[in-house]
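S.K.: Pasting the sequence and the predicted coordinates here, then a few questions.
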Amino acid sequence: MPEAAVKPRRGGAASLVFAGMLLSKIAGFVRLHYVGGFLGGRSVAADAFNAAFRIPNVLQTLFGEGVLSASFIPVYAGLRAHGREEEAGRVAGAAFAILALVTSGLTLLGILAAPVLVHLIAYGASEPTKRLAIPLVRIFFPGAALLVMSAWCLGILNSHRRFFLSYSVSVLWNLAIIAAALWSGLGTGEEEMATRIAWASVVGSALQFAAQLPTVRSLVPDLRIALETHLESVRTVVRNFGPVFVSRGVVQISAYIDSVLASPVQGGMAMLGYTVNLYTLPVSLFGMSVSASELPAMSSAVGTETEIAAYLRGRLASGLRRISFFVVPSVAAFAILGDLIVAAVLQNRRFTAADSVWGWGILAGSAVGLLAQTQGRLYSSTFYALKDTRTPLRFAIIRIALTALLGYVAARYLPGWLGIDAKWGIAGLTASAGVSGWIEFSLLRHSLKGRIGAVSVGVAYMTRLWIAAFAAAAVAFAIKLTLGAHKPMIEAAITLGPYALLYLLLADPGQIRDFLKRRAQ
C-alpha cells in the first residue's frame, strides 16, 4: 500500500521531539538564569557576549538544522523509503564531507576577520564592548562549526525517527556553560566570566556532536565519507541547499540588522539576546517539534499525486491544530504576564527588576508574530517535502525586507514620536518582525493552497482557543496584582500554574474530563 494512503499516527513523533526539546529548554533556562545573573542586563560584558555569540551563529543558521532539514532529509528519507539504503549512506557521507570542508574554511575566515565582523555587527556599541567582543568571537567560531556537524547528526537521526536523542542532546551544551558559570562564581569579573563561558560553549558543542556519533554510525552502516558530487542524489541535495542557504542568509542578515539597530542602546544587544531565547521556547517546543517530526513523514509519502496531496493536507491540518493549541496561550502569556516570565528566568544578582520590565516589553512585541512563525514553519516543511525550496525563499526575502524597513522605523523613530525612552525601540523591532511574519505566512498558505488544496484549522476552534487564553491570562493577572513581594520564581509559579490549568479547562474541557475519569478508575 502506498505510504501516502496510510493513515498515520499523528502525535507520537512530535511528542518525542517535544520531550527532547523540553529538556533542552529547561537546561537552557537554567543557563540563561546564571549567565544573565553573572553578566547582568546592561553591562559591557553582557553586550559583548551576546554580540559575539550572534556572529559565529551565522554558521548554524546557514548550514545547520533548518537547511539540512530542507535539503538533505527529503532526499535521504526518500531514498530509504524506496529501499535504496546503500545510496542513502553515500549521500549522508557526501553531505558530511561538504559540510566539514565548508565550515572549516568559514571558521578560519571568521577567526581572522573577527575585528571587521565586530565593527559591522556591533556598529553602535561602545569601544570597550567591541574590544571584548573580538576575542569572544574567535572563541565561539569553532564551537559553531561543531554545532553544524551536530546538525548533520540530527538530520540522520530525524530521518530514522530517532527524535528524542537529536533534540535532547543539546542539554550537554547547556550543562557545560552552567558548570563554567558556577565554577567561576560571582567573585569573577564580568569580562573573565564571559571568556570562561565562551570556552565552555566550545566544550559543550564538542560533547553534543560526539554524543550522537555512535547512534548515527549504527543507523547508517553504509556511511562513506567522500565528496561524491557525481551522484545525482547528492547533486539534488546541493541544488535544494542553494535556495534554503540564501533564505537562511537573509534571515541572518535580518538578525544582524536587529543587532545593529539595538547596539546604540546600552544593554540593547544583551536584552535582545536574552528575550530571543525566551521567545523561541514555544517556537521550538510547539512549532519545530511538529514541523521537524512531520518533514520525514511527508517526504516519505508515495502514491498518486492526488493521494499525496490528500495525505499532506491531513498531516498539515492536524499539525496546525496542535501548534495552535499551545502557541495561542503562549502569545497571551508573553503579552500579559511577560514580566513574570522574564523575572523568573533571568532576574538574579546583576539582572534587576527594571531589566525584567524592559524584557517584558520586548517579549510582548515578539508575541505579535508568534503564531505566524510557528505555523509558517510547518507550511515551509510541506514545501520542502514537495522538494520545492524556492517558494519559501521568495517569501522569506519579502519578510526580511519588510522587517528591516519596519524595524528601522520602529527602533530609530517610534520612541521619539511617542515621547518614550529610546530603549523601547527594541520592542518595536520584535513587533515589526511579527507583522512581517504574518505577511509571509499568508503568502505561504495561499501558494500551498494552489498545490495541494485548501487546509483549514477551523474558525470555531481558533476562536475558542483565543477566548480561553485571554480569559485565563486575565485571571492570572488579577492573581499577580493581589500578591505581595515574593521571589520571582515563587511569584511566577503561583501565577502561571493557575493560568495553564484554567486555559486547559476552558480550551479543551473534554480532555480534562477524560483525565479525571481515568484517574477515578
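M.R.: Structure received.
S.K.: what number of residues lie near residue 361?
M.R.: Number of residues near residue 361 (other Cβ atoms under 10 Å) recorded here: 22. Just so you know, the C-beta spots here come from the backbone N, C-alpha and C atoms, and that holds for glycine as well.
S.K.: Point out where the stretch 1-150 of the chain drops to low pLDDT.
M.R.: Applying pLDDT under 70 to the stretch 1-150 of the chain picks out residues 1-15, 17, 40-42, 61-70, 123.
S.K.: and with 80 instead?
M.R.: 1-22, 25, 29, 32-43, 54-74, 77-78, 81-83, 120-126 (pLDDT under 80).
S.K.: Likewise for the stretch 301-450 of the chain?
M.R.: In the predicted model of the stretch 301-450 of the chain, residues 301-303, 345-352, 387, 389 satisfy pLDDT under 80.
S.K.: any idea where the helices of it begin and end?
M.R.: Using DSSP state H, counting those that start in this stretch, the helices of the stretch 301-450 of the chain run over 305-346, 353-366, 370-385, 390-412, 414-418, 425-452.
S.K.: which of the ones you listed is buried the deepest?
M.R.: Mean neighbours per residue, mean count of other Cβ atoms under 10 Å, is largest over those for helix 370-385, with a mean of 26.
S.K.: What helices and strands are in contact with that helix?
M.R.: The contact analysis (3 or more Cβ pairs under 8 Å, 6 or more residues apart in numbering; DSSP states H and E) places helix 370-385 against helix 65-71, helix 73-81, helix 268-282, helix 289-299, helix 305-346, helix 390-412, helix 425-452.
S.K.: circling back: switch the helices of the stretch 301-450 of the chain over to CSV; also include distance to residue 460.
M.R.: Converted to CSV, the helices of the stretch 301-450 of the chain look like this (distance: least, Cβ to Cβ, whole Å):
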stretch, distance to residue 460
helix 305-346, 12
helix 353-366, 27
helix 370-385, 17
helix 390-412, 28
helix 414-418, 36
helix 425-452, 19
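S.K.: picking that back up, quick one, which of the helices and strands packed on helix 370-385 is nearest to residue 465?
M.R.: helix 305-346 (4.3 Å; Cβ to Cβ).
S.K.: what angle separates the closest one from helix 289-299?
M.R.: Between the axes of helix 305-346 and helix 289-299, defined by axes from the mean of the first three to the mean of the last three Cα atoms, to 10 degrees, the angle is 160 degrees.
S.K.: which residues touch the spatially closest residue to residue 312 that is not a sequence neighbour?
M.R.: Closest residue to residue 312 apart from its sequence neighbours, by Cβ to Cβ, 6 or more residues apart in numbering: residue 452 at 5.1 Å. By Cβ atoms under 8 Å, 6 or more residues apart in numbering, the contact set of residue 452 is 309, 312-313, 316, 382.
S.K.: Check whether residue 456 sits in a helix, strand or coil.
M.R.: Judged by DSSP: H, G, I helix; E, B strand; the rest coil, the three-state class of residue 456 is coil.
S.K.: related to what we said a few turns ago, looking at the helices and strands packed on helix 370-385, which is closest to residue 223?
M.R.: Comparing the helices and strands packed on helix 370-385 by their distance to residue 223 (Cβ to Cβ), the top pick is helix 73-81, with 11.4 Å.
S.K.: Okay, domains of the chain per the record?
M.R.: As assigned by automatic domain parsing, the chain contains the domains 7-457, 458-521.
S.K.: So which of these is the most surrounded?
M.R.: Highest mean neighbour count of the domains of the chain: domain 7-457, a mean of 21 (counted as mean count of other Cβ under 10 Å).
S.K.: can you give me the offset of it from its chain's centre?
M.R.: Put simply, domain 7-457 sits 4 Å off its chain's centre (Cα atoms, centre = their mean, to the nearest Å).
S.K.: Can we start the residue count at 59 from this point?
M.R.: New numbering, starting at 59: the last item is domain 65-515.
S.K.: returning to that earlier point: so which of the helices of the stretch 359-508 of the chain gets nearest residue 131?
M.R.: Ranking the helices of the stretch 359-508 of the chain by proximity to residue 131 (Cβ to Cβ) places helix 428-443 first, at 7.8 Å.
S.K.: and the angle from that closest one to helix 347-357?
M.R.: 20 degrees.
S.K.: For helix 428-443, output the C-alpha coordinates as PDB.
M.R.: Coordinates of each C-alpha in helix 428-443 appear next as PDB, following Å, rounded to 0.1, in the frame of the first residue of the first chain:
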ATOM      1  CA  LEU A 428       4.500  34.100  17.300                       C
ATOM      2  CA  LEU A 429       1.600  32.100  15.800                       C
ATOM      3  CA  ALA A 430       2.500  33.100  12.300                       C
ATOM      4  CA  GLN A 431       6.100  32.000  12.700                       C
ATOM      5  CA  THR A 432       5.300  28.600  14.300                       C
ATOM      6  CA  GLN A 433       2.600  27.700  11.700                       C
ATOM      7  CA  GLY A 434       4.800  29.100   8.900                       C
ATOM      8  CA  ARG A 435       7.500  26.600   9.800                       C
ATOM      9  CA  LEU A 436       5.000  23.700   9.100                       C
ATOM     10  CA  TYR A 437       4.000  25.300   5.800                       C
ATOM     11  CA  SER A 438       7.600  25.600   4.800                       C
ATOM     12  CA  SER A 439       8.200  21.900   5.700                       C
ATOM     13  CA  THR A 440       5.400  20.900   3.400                       C
ATOM     14  CA  PHE A 441       7.000  22.800   0.600                       C
ATOM     15  CA  TYR A 442      10.300  21.100   1.400                       C
ATOM     16  CA  ALA A 443       8.600  17.700   1.400                       C
END
